[in-house]
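[1] Predicted coordinates and the sequence they were generated for:
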Amino acid sequence: MSNLVEVRNLRIEAKTDAGRLVEIIKGVSLDIADGEIVALIGESGSGKTTVALSLMGYARPGCRITGGEINVNGKNMAALSEKERAKLRGTDIAYVPQSAAAAFNPSSTIMDQVIEVTRIHKLMSPAQARQRAVELFRALSLPDPEGIGARYPHQVSGGQLQRLSAAMALISDPKLVIFDEPTTALDVTTQIDVLKAFKSVMRAGGIAGVYVSHDLAVVAQIADRIVVLKGGEVQETGTTAAILSTAQHPYTRELLAAFEPKPRQAHADVDAGTRQLLCIDNVTAGYGAVRADGLPLIRAVDSVSLVVEKGRNLGVIGESGCGKSTLARVIAGIHPAAAGNIVFDGKELQRAARKRSQDQLREMQIVFQYADTALNPAKPVEDIISRPLAFYHRLDRQARSERVDELLDMVRLPRGLRYRHPSELSGGQKQRVNFARALAANPKLIICDEITSALDTVVAAAVIELLKELQRELGLSYIFISHDLSVVEAICDEIMVMYNGERVEQITPDKLTAPTHPYSKLLFSSVPKLDPTWLDGLVRDPELVSQYGHR
Amino acid sequence: MTMARAATLRRSFLGYSYSLVGVVAALVILAWTLVAILAPYVLPHSIGDIVDDDYFGPMRQGLWLGSDYLGRDMLSRVLMGARYTVGISLAAVSIACFSGVMLGMIAAVTGGWLDTCLSRFLDAMNSIPSKLFGLVVVAAVGSSIPVLILTLAVIYIPGAYRFARALAVNINTMDFMTVARVRGESTFYLIGSEILPNIIRPVLADFGLRFVFIVLLLSGLSFLGLGLQPPLADWGALVRENIGGLPFAAPAVIVPSLAIASLTISVNLLIDNLPQKIRDRDT
């Protein structure tokens, strides 16, 4: 037994609700040496999490390990009894979940939860465990390592919580740690700190790791080797450098291609660009009690002005909590502004949506981030898309049906999908339906609120391409809100950077104007590059980080 | 529900998977409904006629379920009792659930003062003990079938309202509700087309549960003598008037008790085992 982990011909079956058996992992083999970090990469549904969980001998409800060997540290996890597996989990093998916020119990302190593993497995005395936890907090560069354990999970930030969940995994000195997309839910500026902390701790302890992700750039920073999965099979295995430079498999190339900067087409209709479609002047909005001056107590959007020209796109970028989503809701009238003017297509708009005319509502559509909650799960796709047609355009049944076909063609979905319910669609398909519903209204402006954030890189790139094509055909304008700079750069003519509710600066990617504001600089420099040496070579101005980075 | 039971007793039919327990329960309910509808045409004796010389007579030919405390035919009285028990309860539960669910959804979608007023008023209603409320109403206006139906409905409206409101509030925070609002949709469309399809399954389950409560409350009221008046009798009244037969193990007291149990247990089992749509299309 030369390697720490040797998986041979692993097969996992799932049972559908009709009692049919589906093989979701079809003979996967992989090795992990001592102290090596291997990344499992692939789109959603490729089986990467299922493989990672099987290393603990665990299969999610409805799934069963049907064949193959999973040798971890000389023990075949697939053949052990549940009791023996429980002894290894948390001691030899540890797990860091995707959403640390959901993984912590909100009603007990962080320290109690971090040292819980040592109590369950009787590894050391509570006092020793606390001491070890504080050492880990320090190694993971958490602020106030002595005191942070006494806090409750809601009293620390998302990035800190993710590092604390790593401390929970590392406290028992495991030989193997499984990271399940630990930075997917974090901002880029926070992601860097978490990645750096993970990398240094893993290196220092010589711990082997499995890093599950769909973000190739993140994986490039932390992994020694990359295993590309698709449809439950290994497509390609290689060292990180080899995969990045000489990828063989078409799927790997597709993943890499999603990172290449797309050549931007210059806008031919320059003269059309002179007309203002939307003009927002000094808009302020927020939450909480209204104070004497008529403004709310907490201002999520503070005196923001912006202009969107006809047929052009504006990107709004910033970290979570910077007020960019509130801005979208203010423009759409969902959250009425407390002060300021909104002029749309030459007419002043009411602040609240319910006071706007039906035509004004029709011409400005909003598309939300989570297609799962934006589509009514109880209705078939056909009904969802045809409602705006009946409501705004008063089309009869026949005309609606034809138009639904046209709209499905427009968003590149097969027509047969119209009879399905949202739960029967993939994430990318749902987002296309979500978009088709907005198109059904024949809008002039579509506000896209983080619409690609919940999608895989490859799917997101396809959705962005679709948006560009539709813009050429239909002459739409977009306001594109995102925390992902590469997405915004790919589609927008102007980029507005927001920080703490205020507009920090406006950048025009066409003219290649470099960001000048310190926060923009930090944000732009935090986007991971495919270069594996990028994280180690990254030098950030410590003053900037302490001022703007929420650590 | 355990995985093992689900695996062994589940069958599929027309794209739905269902359990055998649910089918048996549905058949029992169907049988009682048929009895309720057809009772007047199949009665062997009139429910008021004294046909036996003895009281609490045993089961025998001609009197299949024995006789009651006055020597009346028990089979006729149980069959007719089904009509009142199922009929009154169904009418009451329909009124209660329809009003409660509608008000609940409207309160959740509208919010603000309407929600506050409705919720506080119905909470106040909820705080009145149900048997006491029934007692007061019957004492005030007398006992008749419409009064019974309305009283039972009023008692169960606040519960249905609370349940539907809690579900609708969750749906109301979803993005598709915001999309529909920004589209300019009316409250009526919001509750009918966006919320109701999403809460219909739990609401139906609640409907069934409330039906059981109402059957039991009606039986309880009848047991106290506040329900249907003689010679009419629902199952609860039958148990009460024949309670004296208990020491003799008379079928007159056992049969209506079994009838109540079979109906309420079946409704509960059906709710727990409603057919589920199969989402895996490739079978």
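    Sure, I can see it.

[2] So which bits of chain B are right by chain A?
    B:10, B:12, B:17, B:174-176, B:178-185, B:193-194, B:197-198, B:200, B:276, B:278-283 (CB under 8 Å from any CB of the partner chain). C-beta: built from backbone N, CA, C; applies to glycine.

[3] For PyMOL, what selects the buried ones among those residues?
    The buried residues among those can be selected in PyMOL (16 or more other CB atoms under 10 Å in any protein chain shown) with this line:
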select buried, chain B and resi 10+12+17+174+175+176+178+179+180+181+182+183+184+185+193+194+198+278+280
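
[4] buried ones in whichever strand or helix holds B:Val267?
    According to DSSP states H and E, B:Val267 maps onto helix B:251-272. By 16+ other CB under 10 Å, the buried positions in helix B:251-272 come out as B:251-256, B:259-260, B:263-264, B:266-271.

[5] ranges for the strands of the stretch 151-283 of chain B?
    B:276-277 (DSSP state E, counting those that start in this stretch).

[6] remind me which residues of chain B are low pLDDT?
    B:1-9, B:279-283 (pLDDT under 70).

[7] Spell out which residues of the stretch 251-400 of chain A are next to chain B.
    A:332-334, A:353-354, A:356, A:358, A:361, A:366, A:368, A:370, A:373-379, A:387-388, A:391-392.

[8] Which among these count as buried?
    A:332-334, A:353, A:356, A:361, A:366, A:368, A:370, A:373-376, A:378-379, A:387-388, A:391-392.

[9] Among the residues you listed, which ones are in strands?
    Among these, the residues falling in strands (DSSP state E) are A:Ile366.

[10] just the helices in the stretch 151-283 of chain B please.
    B:175-183, B:187-189, B:196-223, B:235-241, B:251-272 (DSSP state H, counting those that start in this stretch).

[11] and what of the stretch 1-150 of chain B?
    Assigned by DSSP H, counting those that start in this stretch, the helices in the stretch 1-150 of chain B fall at B:3-9, B:20-42, B:74-110, B:112-126, B:130-141, B:145-172.

[12] returning to that earlier point: between which two of the buried residues of helix B:251-272 is the distance greatest?
    B:Ala252 and B:Ile271 (30.7 Å; CB to CB).

[13] what's A:Gln248 in contact with, if anything?
    Applying CB atoms under 8 Å, 6 or more residues apart in numbering or on different chains to A:Gln248 gives the contacts A:Glu236.

[14] how close does it sit to A:Gln162?
    33 Å (CB to CB, to the nearest Å).

[15] same check, this time on A:Gly45
    24 Å.

[16] Those two: who's more crowded?
    Regarding A:Gly45 and A:Gln162, a neighbour count based on other CB atoms under 10 Å in any protein chain shown identifies A:Gln162 as having more, with 29 against 16.

[17] surely that one meets A:Ala100?
    Yes. At 4.5 Å, A:Gln162 counts as touching A:Ala100 under the criterion of CB atoms under 8 Å.

[18] hey, what's in contact with both of those two?
    Common neighbours of A:Gln162 and A:Ala100, counting by CB under 8 Å, 6+ apart, are A:Pro182.

[19] What sits closest to the closest residue to chain B within the stretch 351-500 of chain A if chain neighbours are left out?
    Residue nearest to chain B within the stretch 351-500 of chain A: A:Ala378 (3.5 Å; CB to the nearest CB). Once flanking residues are discounted, A:Ala378 sits nearest to B:Pro197: 3.5 Å by CB to CB, 6 or more residues apart in numbering or on different chains.
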